[in-house]
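J.: Quick check, what structure comes out for this input:
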Amino acid sequence: MPALQTGISATRVLTVQGDALYSPTGHTEHLVLSSPAMIMEMELACVDALDGHLSEKEASVGFHVDVKHIAPAQLNKQVETTATLINISGRKLKFEVTTLCGDILIGAGYHRRAILHL
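T.: Just a heads-up that it's a prediction; the model follows:
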């Protein structure tokens, strides 16, 4: 198992559709990526980054989210979410997370996770 160290990262790709949608006006022509869906992708990217770095007797749980949803991502567009481990403090981890739609920054911030013994 590779050592857990800062700099590990993972990227996820999501097509904006289905449960990931929200319309601020209630009209279908205004459907965009919802904030909860963006945050879920950020959390899952963190989990993906840890894949192979924890033992069978360990898991991670999220305990803090600090992100901004900066711009909309339209229906059927693809967004790319990346999480990079930037700090390790004992069993607590801090990730920098970003979501992009092409060159447009959709969301950015930090997500913190703790490693638990099962």
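
J.: Now Glu41: which helix or strand?
T.: Following DSSP states H and E, one finds Glu41 within helix 35-50.

J.: Centre of the chain to that helix, how far?
T.: 3 Å (C-alpha atoms, centre = their mean, to the nearest Å).

J.: Need the contact partners of that helix.
T.: The contact list for helix 35-50, computed with C-beta atoms under 8 Å, 6 or more residues apart in numbering, reads 4, 8-12, 14, 16, 19-22, 60, 62, 65, 67, 69, 73, 79, 81-85, 93, 95, 97, 99, 106-107, 109, 111, 113. Using the backbone N, CA and C atoms, a C-beta is placed for each residue, glycine as well.

J.: Of all the residues in the strand ranked longest in the chain, which ones are buried?
T.: In the chain, taking DSSP state E as the definition, the longest strand is strand 104-117. The neighbour-count check on strand 104-117 (16 or more other C-beta atoms under 10 Å) flags 106-113, 115 as buried.

J.: quick one: that strand to helix 35-50, angle?
T.: Here strand 104-117 points in a direction 60 degrees away from that of helix 35-50 (axes from the mean of the first three to the mean of the last three C-alpha atoms, to 10 degrees).

J.: Great, nothing more from me.
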